[in-house]
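Visitor: got a sequence here, can you build the structure:
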Amino acid sequence: MKRHGIELHTLFITLAPLLVLGLLLEGYFLYTRFDSLDQSLRERSRLLARQLASTCEYSVFSGNAVLLKQNVDSALLYEDVDYVSVYDNHSKLLSFARSRHASLRERAAAADLAEFEDGQTLRVVEPILATQINLDELVYTPPVADKLGTVVIDISKKNLNAMKKEFLLVNLLFSGLAFGIDLVLAIRTARRITDPIMQMHQAVRQIASGDLEARIATQSNIRELEDLKSGINEMAQHLMLDRDMLENRIVETTDGLRMKSMEVERTQQEKSRLNEDLSLALRELQAVMEANPDLLYVFNREGELIQWNTSFAKFCEVLRIAAGTDAQQASWRLRQSR
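Guide: Numbering: from 1, shown residues only. So this is what the prediction gives:
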């Protein structure tokens with residue numbers, strides 16, 4: 001698992017909510033704006049169709065083709081009108097007109113007299129109704145709708161789509177600019193947090209490697225980070241003092257052990273010298289005792305015989321032999337008496 005630094009995590013935590021919120025608001029704003037533009041185009045097209053149907057009532061009723069053609073051509077003066085056609089009540093085409101930007105198309109059949117809308121065109125269908133005039137004010141006559149024909153207007157969405165595209169580009173431009181500003185502010189804010197933390201991390205690694213003189217010198221405007229920095233510096237100071245104290249104690253102990261070792265070495269040397277002198281004295285004493293024909297022997301303080309000359313040794317041998325002969329004779333006499 002790949003591990004990322006604290007700066008990347010801080011930027012992600014800062015920018016992710018802003019980005020999600022910005023996309024949601026941007027999507028909602030674009031949706032409502034585009035829906036408002038579409039609704040505005042539908043209402044404008046419906047008003048135009050109603051106006052044209054009212055205008056064409058007399059020409060359709062009277063069969064005046066010239067006047068009907070003038071009314072149909074006048075409808076092309078309105079913005080985004082692509083195609084205009086007028087039908088009688090039997091769905092027979094009476095007159096039509098199309099703009100110069102519209103593509104060639106066949107006359108609409110009766111099956112086409114229905115409203116529809118796609119990404120390029122909006123078709124509006126409005127009936128032409130005869131206006132009923134009540135000449136007798138005393139007698140109320142309920143209005144009767146007498147359909148004379150139908151007006152069909154095809155509205156092009158080219159300008160609307162261009163407006164949507166331009167609006168989307170401008171909106172994306174401002175959104176990108178706002179996101180860039182947020183990114184710069186987030187980076188600056190993140191570095192105000194991460195830079196002291198990275199310096200603390202570096203100082204802790206130096207302290208762990210044995211460099212107790214490492215210190216954090218950068219000042220932070222964040223109180224918690226400043227307290228943490230002060231705590232790390234104080235910890236390093238205490239560790240350095242403890243290390244110096246321990247080193248001094250080690251040096252003192254080492255010097256004491258060295259002095260003790262030197263004293264033991266001197267004692268061993270003196271002991272060796274005394275042993276050599278004692279051995280020499282014993283050899284000299286042995287030589288003196290050997291040179292004397294008398295019986296000479298030496299006892300220590302515990303009463304143990306530790307040294308004698310040859311005369312004493314021969315004397316002890318004679319006594320041992322004599323003691324052994326007397327014992328044998330006594331034993332032989334005892335057996336004879338039995």
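Visitor: now the helix or strand harbouring residue 84: average pLDDT?
Guide: Element membership for residue 84 (DSSP states H and E) is strand 81-88. Averaged across strand 81-88, the pLDDT comes to 89.
Visitor: partners of it, with directions?
Guide: strand 93-98 (antiparallel), strand 147-156 (antiparallel) (DSSP bridges).
Visitor: buried residues in that strand?
Guide: For strand 81-88, the neighbour count (16 or more other Cβ atoms under 10 Å) marks 81, 82, 83, 84, 85, 86, 87 as buried. Every residue, glycine included, has its C-beta placed from N, CA and C.
Visitor: alpha carbons of that strand, as PDB, please.
Guide: C-alpha atoms of strand 81-88 as PDB (Å, rounded to 0.1, in the frame of the first residue of the first chain):
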ATOM      1  CA  VAL A  81     -38.200  31.200 -36.700                       C
ATOM      2  CA  ASP A  82     -37.200  28.500 -39.200                       C
ATOM      3  CA  TYR A  83     -40.400  27.400 -41.000                       C
ATOM      4  CA  VAL A  84     -44.000  28.600 -40.900                       C
ATOM      5  CA  SER A  85     -46.900  26.800 -42.500                       C
ATOM      6  CA  VAL A  86     -50.700  27.300 -42.400                       C
ATOM      7  CA  TYR A  87     -53.300  24.600 -43.000                       C
ATOM      8  CA  ASP A  88     -57.000  24.600 -43.300                       C
END
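Visitor: can you list contacts of that strand?
Guide: With contact meaning Cβ atoms under 8 Å, 6 or more residues apart in numbering, strand 81-88 is reached by 48, 52, 56, 60, 68, 72, 75-76, 93-99, 101-102, 105, 107-108, 110, 113, 121, 128, 148-156.
Visitor: weed out the non-buried ones from those.
Guide: For these, a burial check counting by 16+ other Cβ under 10 Å picks out 48, 52, 56, 60, 68, 72, 75-76, 94-98, 108, 128, 148-156.
Visitor: quick revisit: for the strands paired with strand 81-88, give me TSV that also has mean pLDDT.
Guide: Converted to TSV, the strands paired with strand 81-88 look like this (pLDDT from 0 to 100):
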stretch	mean pLDDT
strand 93-98	88
strand 147-156	89
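Visitor: which of those strands sits closest to residue 117?
Guide: Closest approach to residue 117 among the strands paired with strand 81-88 is made by strand 147-156 (9.1 Å; Cβ to Cβ).
Visitor: just checking, next helix/strand downstream of that closest one?
Guide: Following strand 147-156 in sequence, per DSSP H and E, is helix 158-208.
Visitor: what is the orientation angle of that following helix with strand 81-88?
Guide: Relative orientation of helix 158-208 versus strand 81-88 (axes from the mean of the first three to the mean of the last three Cα atoms, to 10 degrees): 140 degrees.
Visitor: figure out how far the helix or strand that helix 158-208 is followed by is from the centre of its chain.
Guide: Per DSSP H and E, the first helix or strand lying C-terminal to helix 158-208 is helix 223-291. Distance of helix 223-291 from its chain centroid, counting by Cα atoms, centre = their mean, to the nearest Å, is 55 Å.
Visitor: now for helix 223-291, which elements pack on it?
Guide: helix 158-208, strand 305-308 (3 or more Cβ pairs under 8 Å, 6 or more residues apart in numbering; DSSP states H and E).
Visitor: starting at the chain centroid, how far to the first one?
Guide: Going back to what we said before, that points to helix 158-208. Between the centre of helix 158-208 and the centre of its chain there are 15 Å (Cα atoms, centre = their mean).
Visitor: stretch 93-100 too?
Guide: On the basis of Cα atoms, centre = their mean, stretch 93-100 sits 65 Å off its chain's mean C-alpha point.
Visitor: quick revisit: out of the strands paired with strand 81-88, flag the one nearest residue 22.
Guide: Minimum separation from residue 22 across those (Cβ to Cβ) falls at strand 147-156, 33.4 Å.
Visitor: can I get the closest one in PDB? Just the C-alpha atoms.
Guide: Provided in PDB are the C-alpha atoms of strand 147-156 (Å, rounded to 0.1, in the frame of the first residue of the first chain):
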ATOM      1  CA  LYS A 147     -61.700  25.800 -36.100                       C
ATOM      2  CA  LEU A 148     -60.700  27.400 -39.400                       C
ATOM      3  CA  GLY A 149     -57.200  25.900 -39.700                       C
ATOM      4  CA  THR A 150     -53.900  25.400 -38.000                       C
ATOM      5  CA  VAL A 151     -50.600  27.300 -37.800                       C
ATOM      6  CA  VAL A 152     -47.400  25.400 -37.500                       C
ATOM      7  CA  ILE A 153     -44.100  27.100 -36.600                       C
ATOM      8  CA  ASP A 154     -40.700  25.400 -36.400                       C
ATOM      9  CA  ILE A 155     -38.400  27.300 -34.100                       C
ATOM     10  CA  SER A 156     -34.600  26.700 -34.500                       C
END
